[in-house]
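**Q** A structural model of the following input is requested.
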Amino acid sequence: MEPVHQLAGDALAGLQEIPLPPPVSYVPQTIGWAIVGALLVAALIYMSWRMFRRYRANAYRRAALAELAVIEGALLHVEAVSLIEAAPSLPSPVNGGGIKEKRREDGRGTSNAASSLSPPLAKRGEDGRGASSSNAASSSSPPPAGRGEDGRVALSALPALLKWTAIAATSRAKVATLSGDEWLRFLDRSLGGHEFERGSGRLLSRIAYSNAATPEISREQIDSLITLSRRWIERHNADV
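**A** Presented below is the predicted three-dimensional model:
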């Protein structure tokens, strides 16, 4: 009688490997999938082309926004310089930071450091009467935005920037001759609403045709005008 392990070895020796099926191909097997794939590739190419065209078409918007940021920065610089110039000078420290006053022989008190104070404070120390509160307030209050030659130049660049942007968006023949209320109505039509003709946009005409330093324009009005101008540059309809 043959051993059990010998019988098991003979049975395994007659086994054969099971043939595996061929790998599944990822290539579409029907024409329908090929058409769908081709349409998807064409749609992707078309969308990329449209995005590139829009990016190039909006180059003038990006340039205008950069120029608007320069104008806003110039106005902030002018305002900062005006605040520094309008601020009262600080007294010089005497004897380790404390200003020591000496009494006059006749009993009237005055400060030996009066000459180092700002003019209103020095005057108050000299005559003993004190400067009026209105004079002190006027010497320390900041001037209105846009005051001075630098402020006027920065403000006058804003109407020119909007006109250049409109010409780049449409055409010179359509925009270059517009002025006054007609120009403001064009800006409103291209943006929607009446903020140029009835709101803060009316300052454009005053800035464009005024040779003065425009001290009557407040900082709030200028901020509102810059915000409106930025919104128009970003959202205006070039097909108006």
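
**Q** Which elements pack onto the helix or strand containing Ile207?
**A** Per DSSP states H and E, Ile207 falls inside helix 203-208. When contacts are defined as 3 or more C-beta pairs under 8 Å, 6 or more residues apart in numbering; DSSP states H and E, helix 203-208 packs onto helix 149-169, helix 180-191, helix 219-235. The way it works is simple: take the backbone N, C-alpha and C, and place the C-beta from them, glycine included.

**Q** Which parts of the protein are helices?
**A** Remark: helices assigned in the chain by DSSP state H are 4-13, 31-57, 59-86, 119-127, 133-140, 149-169, 172-175, 180-191, 195-198, 203-208, 219-235.

**Q** coming back round to it: looking at the helices and strands packed on helix 203-208, which is buried most?
**A** A comparison of the helices and strands packed on helix 203-208 by mean neighbour count, using mean count of other C-beta atoms under 10 Å, puts helix 149-169 on top with a mean of 19.

**Q** Mean confidence (pLDDT) on that helix, please.
**A** Averaged over helix 149-169, pLDDT sits at 86.

**Q** again with stretch 229-240
**A** Across stretch 229-240, the average pLDDT comes to 91.

**Q** which residues are contacting stretch 171-181?
**A** The contact list for stretch 171-181, computed with C-beta atoms under 8 Å, 6 or more residues apart in numbering, reads 163, 166-167, 186, 197, 205.

**Q** Specify which member of those is nearest to Glu234.
**A** Ala166 (13.8 Å; C-beta to C-beta).

**Q** who touches the closest one in this structure?
**A** Counting by C-beta under 8 Å, 6+ apart, Ala166 touches 175, 186-187, 190, 236.

**Q** mind putting those residues in CSV, distance to Pro159 included?
**A** Below are the contacts of Ala166 laid out as CSV (distance: C-beta to C-beta, whole Å):
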residue, distance to Pro159
Val175, 13
Phe186, 13
Leu187, 10
Ser190, 15
His236, 15
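
**Q** coming back round to it: JSON lines please, covering the helices and strands packed on helix 203-208 and showing distance to Arg56.
**A** As requested, these are exported to JSON lines (distance: least, C-beta to C-beta, whole Å):
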{"stretch": "helix 149-169", "distance to Arg56": "12"}
{"stretch": "helix 180-191", "distance to Arg56": "20"}
{"stretch": "helix 219-235", "distance to Arg56": "17"}
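
**Q** and Ala57, which of those is closest to it?
**A** Comparing these by C-beta to C-beta, helix 149-169 comes nearest, at 9.3 Å.
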